[in-house]
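Prediction below, plus the sequence it came from.
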Protein chains: 2
Amino acid sequence: MNTVLDELAAGLPADALITDPASTDAYRFDEASFCAAGAPLAVVRPTETEQVQHVLRVASAHRVPVVPQGARSGLSGAANAVDGGIVLSLTRMDRILEIDPVDQVAVVEPGVLNAVLSRAVLEQGMYYPPDPSSWELSTMGGNLATNAGGLCCVKYGVTADFVRGLEVVTASGELLRTGRRTAKGVAGYDLTKLVVGSEGTLGVITKATLALRPAPEAALTMAAAFASAADALSAVTRIMAAGLQPSLCEFLDGVTVRAIQDYRDMGLPTGVGALLLTQSDRGPRAAADVEAMGEICTELGALDVAVASDATESEMLMQARRIVHFAVEKLGSTLIDDVAVPRAKLVELLDGITAIAEEHDVVVSCPGHVGDGNMHPTVIFDRGDPAAVERAQKAFDAIMQLGLALGGTITGEHGVGVLKRGWLETELGELSLGLHRKIKEAFDPLGILNPGKVLAAD
Amino acid sequence: MNTVLDELAAGLPADALITDPASTDAYRFDEASFCAAGAPLAVVRPTETEQVQHVLRVASAHRVPVVPQGARSGLSGAANAVDGGIVLSLTRMDRILEIDPVDQVAVVEPGVLNAVLSRAVLEQGMYYPPDPSSWELSTMGGNLATNAGGLCCVKYGVTADFVRGLEVVTASGELLRTGRRTAKGVAGYDLTKLVVGSEGTLGVITKATLALRPAPEAALTMAAAFASAADALSAVTRIMAAGLQPSLCEFLDGVTVRAIQDYRDMGLPTGVGALLLTQSDRGPRAAADVEAMGEICTELGALDVAVASDATESEMLMQARRIVHFAVEKLGSTLIDDVAVPRAKLVELLDGITAIAEEHDVVVSCPGHVGDGNMHPTVIFDRGDPAAVERAQKAFDAIMQLGLALGGTITGEHGVGVLKRGWLETELGELSLGLHRKIKEAFDPLGILNPGKVLAAD
C-alpha cells in the first residue's frame, strides 16, 4: 500500500478519499481545450478546513503535488490534475456561514455555487455582483481562484473587487488569515488580492469574506441589431464616453447570433452583423439611459433598436447571452480566447480577428463583454482534422498577439492556467515574471501547489 | 566629497539634488506624532522616471536607504527620513499624462495633487472618488503608497479600488509595469494591489493608471444632532442595513464638534453628544434617501434633523468635517488613531474609548468615517508634561487593542509606517508577517527601500 495514501486516509473520513482510477478519472479535466491533464494519485473531497490542512501536511511531507479544484468549469486548464498528484476537490465545503446586512458581507466556504450565494443574499435585499456566465455551476472557490468576471463587471467590477478577507491553507498546511471584515483596512500588504486570481498556486482558499451591495433596481434592457459589427462596437465607445453607466454591455457577432438561434429559438434576428445588448439598473434613470443608448445605436446605423418591454423579454435576451458557450460548442470543437483591449481599440480588434480567421481559414465566433473591452473570440474547428487543429491553434495565438499589440491583455477573466502559461512572459516581461516566481516560492517553497499552472516549469 | 553624492549628481540636474542640512531638514518628517526621523544624506527631487531609476541604481550600488516621499501629509511616519538615506521627493513629477473618457482612466505621475486630479477629471464629466481629508495637499503617490481612504469610501471604495496599473521603479532601478489599462485583466498575480498600500517598501511608483467613474449627481446632505453618541452610531447601522447607500456617512463626537466651532464658526450646534452627517448622490432617489436617513435618526432620538436646503449649506457642513484635523490640533498635541471595526461594533468601540479616556485621564476627540466603521480617536495631551505623554501613549495603544478585540484593524486608512509597526504582528500573526518579509525580500533583497517602515527591523 502507498504510504501517502495511508497517511491521507489516517486523517480523513473514508468517503473523502477516492483512489480508484475509474472514479478519479472524472476529476482530471476542466472545460479547457488542448490542456494536458495527468492521472491523479487520489482525489480528496474534504468537508472541513482541518481535512484540507491534513492533506497539505501529508503532501508537503512527501512533496506530492496538490491541485485545488472546484466545479471544473474553468477554461484554462488551471484545475486539471497532474500526474501522481492529489486533486483537492472543494465542492463539499459548501456552507454559507453568514450573511450580514449591517456590514454587508457574506462569509462562505469555497464549494458554494455562485448562483446559490447570489440568490441567498438577494433574499435579504442584497447583491453579490460578479456573475460569470457559468454562475449556475461554478463555485466561489473557483471564482476566487481565477478572479472571475461576468456580465455585470462593466458597472460593478470583478470578483477581486468584492473580497475583503480570506482563510487560506498554505502549502505547509498552516492556516493563513488575510485581509479583514471591515470596509477598510490597510495593515500590511494586500495578501488577499495576491491570492485571489492566483489559480491555486499560492494556497487553498477555505473561507472568504465577501462584500455585498444593496440589491439594484430591476434593469431595463436595450437590444440593437447592426449590419456592421464595427458600428456596434463604435456604439459601445460612445455609450461609455457619454457616462451612461450600463450595468451590462454585451456583444454577439453574426456567427454567434446564428449559433444561438440554431441551438434554441430565442427570438434573435439572424442574418445580422452583430447584436448589442445593454442594460441600465439606475432606477428612475434607467428608461432615459436605455433610450439614450438606443439613440446612439440608431445614429450609428442600427437596423433595429428595441427596448425590452417587460422582465420576461429582458430575461430571454439574457438567457440568449448565457447559452453562447453551449450554442457555439455545437458548431465544432472550440478554442475560446479571452483578450481584453482598451475600448477604443475594439473595432481594430474585431477587424484583426476577421483577418486572422481568413488567413488561417477558420471560423471564429465573437461574443464579448465589450463594455469591458473583453472579447471571447472562439476558434471553431474539426478536432478530427490535424491540419484544422494546427490552423486553429495558430489563429488562437495570433489573436492573443493582436490583443497585446493593441495595448490589451491575453486574459480578461478566464486566467492563465495551462492554456496561456507560455504567453504570460510575453505580456508581463522578464522582470515581472521573476517577481512572480519569487512570490510563488515565498508561499510554496516546495512547489507542490498546482505546479505547472500559471507559471511554466523553470 | 562623498562618493554617493558624486554619483547621484552625475545623473541628475543640479536643482534636483539638495544636500545642505538647512534645506534637507524640511523633508524629515510627515504629520505623524512620536515618530523618529533620521538626518538624510540628501533629498532628490526628480522630474523624470529616468532620474528615479538613477537614484535607485546608485542607492543599490552603495546600499543607501531610499525613502519615497510625497507631500508629507501622512499620519504614520511612513515618509520620515532615515539616517544617512536619500529622501526621494516626488512632488515635481506632477503631470497628468492622460484623461480618457472612453476607457474612463487617468494616467498620472505621483506628484499630482489629489484635488488637482479630481478637478481635472470633473471638468470632463468624470469622477475620481477617493478623497482623503488631505486631498487639497496630498499627492497621488502618497495616496497610492498608503492606499488612502476618505469621505466617499462608504459608497465608492478606497484608492486601491481605482488603480488599474502602475509603473514602478524597483530597488535595483529597473522599470516594472504592473496591471493593465483595460477594465479587466487576470494575467498573473496582482502585483498592482501588492504595491498599493506598501508605503514605499516595495518600489517607487512613477506612474499610475487610475479608473474613473462618470460624475455623480449633486449630493443632498442630512445632519442630525444627538444627545447620545451611541444613538448616532446606532443610526449608522440602521442606515446601512436599510440599503440606503449613503455616499458619505461621517460622525463627530461632542468634543470634536466643540473643537470645530471654537476653531471657526461653522454654524454647528455645540453642547451635543454627537453630530451625524450623511449624503446621498442617487439623483432622483437622493431626496427620499436623506429623508429616510433622517427618519431613522429621529426614531433613535435625534435632537435635531436637518436636510441641507442648498449646495452652500451642504458645502459648509462638509468643510466643517474637513477642518477637523486643524481644529483638534488647537486643543493640544495629538495622537491620531485609525481603528476600523465591524459597523455593529461601533457603539462598543465608542464606549470602550470613553472608558479608556477615563482610565488614562486623557481627552479623546472622536471623529470618524463611521459608514466604514472607521474611527479616528484622537488623544489630546500636553507635550510638555512627560506623565501626560505617557498616559496618551497608553491610551493610544489601548484603543488599538480594543479595535482588534472587536474584530477590527489597527489602521483603516492611515497605514502602519513607523507609528504602528510594533502592532502589525499583533494584527497579522507570525505566519502572515513571515510572508510579508519574504515578499519584501523578493522586491528589495538589499533592504534599501524605506527600511524600518511597516516591517520593524528583524
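Perfect, I can see it now. Numbering: from 1, shown residues only, chains lettered A, B, ... in the order given.

Tell me the residues of the stretch 1-150 of chain A that contact chain B?
Selection of the stretch 1-150 of chain A residues close to chain B by Cβ under 8 Å from any Cβ of the partner chain yields A:100-104, A:125-126, A:146-147, A:149. Quick note: C-beta positions are derived from backbone N, CA and C, even for glycine.

Quick check on these: which are buried?
Neighbour counting with 16 or more other Cβ atoms under 10 Å in any protein chain shown marks A:100-104, A:126, A:146-147, A:149 as buried within the residues of the stretch 1-150 of chain A next to chain B.

Could you dump these into a markdown table with pLDDT and secondary structure added?
As requested, those are exported to a markdown table (pLDDT from 0 to 100; DSSP: H, G, I helix; E, B strand; the rest coil):
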| residue | pLDDT | secondary structure |
| --- | --- | --- |
| A:D100 | 97 | strand |
| A:P101 | 96 | coil |
| A:V102 | 97 | coil |
| A:D103 | 97 | coil |
| A:Q104 | 97 | coil |
| A:M126 | 97 | strand |
| A:T146 | 98 | helix |
| A:N147 | 98 | coil |
| A:G149 | 95 | coil |
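
Show me which pair in these is furthest apart.
A:V102 and A:T146 (30.0 Å; Cβ to Cβ).

so where do the strands sit in the stretch 301-450 of chain A?
Assigned strands in the stretch 301-450 of chain A, in chain order: A:304-307, A:333-336, A:363-365, A:367-369, A:374-375, A:378-381 (criterion: DSSP state E, counting those that start in this stretch).

I'd like those strands laid out as CSV, including mean neighbour count, mean pLDDT and distance to chain B.
What follows is those, written out as CSV (neighbours: other Cβ atoms under 10 Å in any protein chain shown; pLDDT from 0 to 100; distance: least, Cβ to the nearest Cβ, whole Å):
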stretch, mean neighbour count, mean pLDDT, distance to chain B
strand A:304-307, 17, 93, 19
strand A:333-336, 20, 95, 14
strand A:363-365, 22, 97, 20
strand A:367-369, 27, 97, 8
strand A:374-375, 28, 98, 5
strand A:378-381, 26, 96, 18
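
so how far is B:P68 from A:A78?
According to Cβ to Cβ, to the nearest Å, A:A78 and B:P68 sit 36 Å apart.

For those two, indicate the residue with more neighbours.
More crowded of A:A78 and B:P68, by other Cβ atoms under 10 Å in any protein chain shown: A:A78, with 31 against 28.

just to revisit the earlier point, now, the most widely separated pair of the residues of the stretch 1-150 of chain A next to chain B?
A:V102 and A:T146 (30.0 Å).

and A:N143, which of the three is it?
helix (DSSP: H, G, I helix; E, B strand; the rest coil).

burial measure for it, as a count.
Per other Cβ under 10 Å, the neighbour tally for A:N143 reads 35.

Contact partners for it?
Counting by Cβ atoms under 8 Å, 6 or more residues apart in numbering or on different chains, A:N143 touches A:70, A:114, A:130, A:132, A:159.

So for A:P214, what's the nearest residue that isn't a sequence neighbour?
Using Cβ to Cβ, 6 or more residues apart in numbering or on different chains and skipping the chain neighbours, the partner closest in space to A:P214 is B:G243 (3.3 Å).

try A:V290
A:M222 (4.2 Å).

tell me the phi and psi of A:A187?
phi -80, psi 100 (degrees, to the nearest 10).

Could you list the domains of chain A?
A:2-89, A:96-214, A:220-325, A:331-405 (automatic domain parsing).

need the contact list for A:G179.
Residues in contact with A:G179, defined by Cβ under 8 Å, 6+ apart, are A:163-166, A:185, A:190-192, A:209.

follow-up on the earlier one: burial check on the residue nearest to A:P214, number of neighbours?
18.

got the contact list for whichever strand or helix holds A:K155?
Assessed by DSSP states H and E, A:K155 sits inside helix A:153-156. The contact list for helix A:153-156 (Cβ under 8 Å, 6+ apart) reads A:129-130, A:213, A:245-249, A:281, A:369, A:371-372, A:374, A:413, B:183-184.

at 10 Å what do you get?
Defining contact as Cβ atoms under 10 Å, 6 or more residues apart in numbering or on different chains, one finds that helix A:153-156 is touched by A:127-132, A:150, A:159, A:161-162, A:213, A:216, A:219, A:236, A:239-240, A:245-250, A:278-282, A:343, A:369-374, A:412-413, B:183-184, B:213.

Tell me the helices and strands packed up against the host helix or strand of A:V257.
Here A:V257 sits within helix A:254-263, counting by DSSP H and E. Helix A:254-263 sits against strand A:220-226, strand A:248-253, strand A:274-280, helix A:311-322, helix A:324-329, strand A:363-365, strand A:367-369, strand A:378-381, with contacts defined as 3 or more Cβ pairs under 10 Å, 6 or more residues apart in numbering or on different chains; DSSP states H and E.

tell me which of the buried ones among the residues of the stretch 1-150 of chain A next to chain B is nearest to B:L404?
A:D103 (16.5 Å).

for that closest one, what are its contacts?
Per Cβ under 10 Å, 6+ apart, neighbours of A:D103: A:164, A:181-183, A:209, A:211-212, B:237, B:240-241, B:341-345, B:373, B:407.

go on, A:D361?
Contacts for A:D361 (Cβ under 10 Å, 6+ apart) come out as A:381, A:387-388, A:391-392, A:395.

Give me the buried subset of the residues you listed.
Applying 16+ other Cβ under 10 Å to those flags A:381, A:388, A:391-392, A:395 as buried.

Show me which pair in these is furthest apart.
Pairwise over the buried ones among the contacts of A:D361, using Cβ to Cβ, the maximum falls at A:A388 and A:A395, 10.4 Å.

Would you mind listing the residues touching both of the two?
A:360-362, A:379, A:381.

For those, work out which two are farthest apart.
For the shared contacts of A:A388 and A:A395, the maximum inter-member distance is 11.0 Å, found between A:D361 and A:V379 (Cβ to Cβ).

Need the overlap of contacts for the two.
Common neighbours of A:D361 and A:V379 (Cβ under 10 Å, 6+ apart) are A:388, A:391-392, A:395.

wait, A:L233 sits on A:L346?
Yes - the pair A:L233 / A:L346 is scored as a contact, 4.2 Å apart, by Cβ atoms under 10 Å.

and for these two, which residues touch both?
With Cβ under 10 Å, 6+ apart, A:L233 and A:L346 have common neighbours A:251, A:368, A:370, A:373, A:375.

Between all of the residues you listed, which two are separated the most?
Farthest apart among the shared contacts of A:L233 and A:L346 - using Cβ to Cβ - are A:F251 and A:G373, which lie 10.6 Å from each other.

More neighbours: the two, which one.
A:G373 (35 against 28).

Contacts only, for that one.
A:154, A:233, A:236-237, A:240, A:339-346, A:349, A:403, A:406-409, A:412, B:102-103, B:180-185.

ditto for A:Q69
By Cβ under 10 Å, 6+ apart, the neighbours of A:Q69 are A:27-28, A:30, A:40, A:43-45, A:78-81, A:87-91, A:110, A:139, A:141-142, A:145, A:200, A:450.

before we move on, back to that, point out the most buried one among the domains of chain A.
domain A:96-214 (a mean of 23; mean count of other Cβ atoms under 10 Å in any protein chain shown).

Start and end of that domain, how far apart?
Start-to-end span of domain A:96-214 (Cα to Cα, to the nearest Å) is 18 Å.

where does A:R321 land on pLDDT?
On the pLDDT scale, A:R321 is placed at 89.

surely it meets A:L277?
Yes - counting by Cβ under 10 Å, A:R321 touches A:L277, with 6.2 Å between them.

which neighbours do these two share?
A:151, A:248, A:250-252.

Tell me the residues on the stretch 201-350 of chain A that lie near chain B, please.
A:201-203, A:211-215, A:217, A:236-245, A:282-285, A:338-346 (Cβ under 10 Å from any Cβ of the partner chain).
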